[in-house]
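Chemist: Dropping the sequence and predicted coords here.
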Protein chains: 2
Amino acid sequence: MKELVNYILQFGNLNQQQIDLILTKAQEKEIKKEEYFSEAGKIAAEVGFIVDGIMRVCYYNNKGEEITKYFIDENNLVVDLESFDNNICSSAYVQAVTDCKVIVFSKADWQELLDTIVGWDTIVHKIISKALIQKVARRSPLVSEDATTRYLSFMEMFPKVINRVPLSYLASYLGITQSSLSRIRKNIR
Amino acid sequence: MKELVNYILQFGNLNQQQIDLILTKAQEKEIKKEEYFSEAGKIAAEVGFIVDGIMRVCYYNNKGEEITKYFIDENNLVVDLESFDNNICSSAYVQAVTDCKVIVFSKADWQELLDTIVGWDTIVHKIISKALIQKVARRSPLVSEDATTRYLSFMEMFPKVINRVPLSYLASYLGITQSSLSRIRKNIR
DNA sequence: ATCGCTTTTTGCCATATGGCAAATGTTTTT
DNA sequence: AAAAACATTTGCCATATGGCAAAAAGCGAT
């Protein structure tokens, strides 16, 4: 739980009592490789914090191809925001790419913390908006750069991730085919 | 100012007194085509609400090419969040694509409203996170689809925008060259 | 160590997009 | 109205990426 507390305290201050209250609601959970944290067509029910492992957000486009939209790694929150906040069905899957250790909060507990702890809502909002801004920043270059440049930037941005995910996930994230990505890797060596 | 009030009230309730207070801080402003609302290298100083017109967010990549990252049209907030919130220099320009009519709030006034009006912070956070989620959702398909599909989706998503912006801006937004976009348009007709 | 399964690489060729420069069309200025 | 400035389209060819299938490599179970 230590990682979670450190993470939270980056965004604002809480006293020990408040932290303890948060921790009483926190549940540790294992999610095995390929299992889902949340699913398309269902309403996201939990907020998670990844202690160990990598997850991805993915969906199927209208050609039926599976597209990885995003990777989330250690020390980050994972939640399908739109679904969780608005109680609407999600349009994407959140799936464990490797075995994951996660700390989760049920929606009811999360809401209770928001109602109970003064200043917690501000911290949560900071966390969320930072994560969203980062997401935009990471995906933006994928539009305008060529495939090799995208791959190289990915290596820089996610050095921890690149060797732990299947090539096919990475390829769809970068917007290229698996074989093109394989050739790009060959050329770089 | 009516548009602004309607916009705000979509996200939560405020009484007349609170609305009036907000409006005392609101300044109407014209921004001419090609002028900047905020600039790279400077700290964003205002939050804006576009009453009329279209703006874009753009930057220069390492090849010196000008890339349009995003379009913002009527009835939306415009602010360089990362710069505004953290008082750091912006890495992008926010520029009027057409003549714009905007309602602006200075940073000091905006902060005062947040401190004064109970519930205003919650409304603002809802507005911001909706806008960010939308931004991610709009840019994501640009990575995985082919150029024609991107253009067609853009037409659907921004029917009001498509005929009011130069081809070059649109092309860089879609991640293709101007001539390719021109050919794509020809093929569609 | 071997077999079977999955992932990655490679070859071959088709297609989409880029680069550049000229031509055409459109808007603004004088 | 003409000229100038700017925006868009087009032609020609180069290059990057895709599609498909086979080969090779890697991995886990027995």
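Modeler: Structure received.

Chemist: quick one, strands of chain A?
Modeler: Assigned by DSSP state E, chain A shows strands spanning A:27-31, A:36-38, A:46-52, A:55-60, A:66-72, A:76-78, A:93-96, A:100-106.

Chemist: okay, which residue is most central for chain A?
Modeler: What sits nearest the mean C-alpha location of chain A, by C-alpha atoms, centre = their mean, is residue A:72, with 3.4 Å.

Chemist: Quick check: that residue vs residue A:27, distance?
Modeler: For residue A:72, the distance to residue A:27 equals 19 Å [C-beta to C-beta, to the nearest Å]. Heads up, the C-betas are built off the backbone N, CA and C, glycines and all.

Chemist: same thing with residue A:180?
Modeler: For residue A:180, the distance to residue A:27 (C-beta to C-beta) stands at 42 Å.

Chemist: try residue A:138
Modeler: Remark: distance between residue A:138 and residue A:27 (C-beta to C-beta) = 29 Å.

Chemist: Neighbour count for the two, which is higher?
Modeler: Neighbours per residue, other C-beta atoms under 10 Å in any protein chain shown: of residue A:138 and residue A:27, the larger number sits with residue A:138, 17 against 12.

Chemist: Chain neighbours aside, what residue packs nearest to the more buried one?
Modeler: residue A:157 (6.3 Å; C-beta to C-beta, 6 or more residues apart in numbering or on different chains).

Chemist: How confident is the prediction for the one you found, by pLDDT?
Modeler: The model reports residue A:157 with a pLDDT of 90.

Chemist: Does it touch residue A:137 like I think?
Modeler: No - at 9.4 Å, residue A:157 and residue A:137 do not qualify as touching, with contact defined as C-beta atoms under 8 Å.

Chemist: Need the overlap of contacts for these two.
Modeler: Here residue A:157 and residue A:137 have no joint contacts, going by C-beta atoms under 8 Å, 6 or more residues apart in numbering or on different chains.

Chemist: Chain neighbours aside, what residue packs nearest to the residue located most distally from the centre of chain A?
Modeler: Here chain A reaches farthest from its C-alpha mean at residue A:187, the gap being 30.3 Å by C-alpha atoms, centre = their mean. Spatial nearest neighbour of residue A:187, excluding adjacent residues (C-beta to C-beta, 6+ apart): residue A:148 at 7.2 Å.

Chemist: That neighbour: what's it in contact with?
Modeler: Neighbour list for residue A:148: A:184, A:187-188 [criterion: C-beta under 8 Å, 6+ apart].
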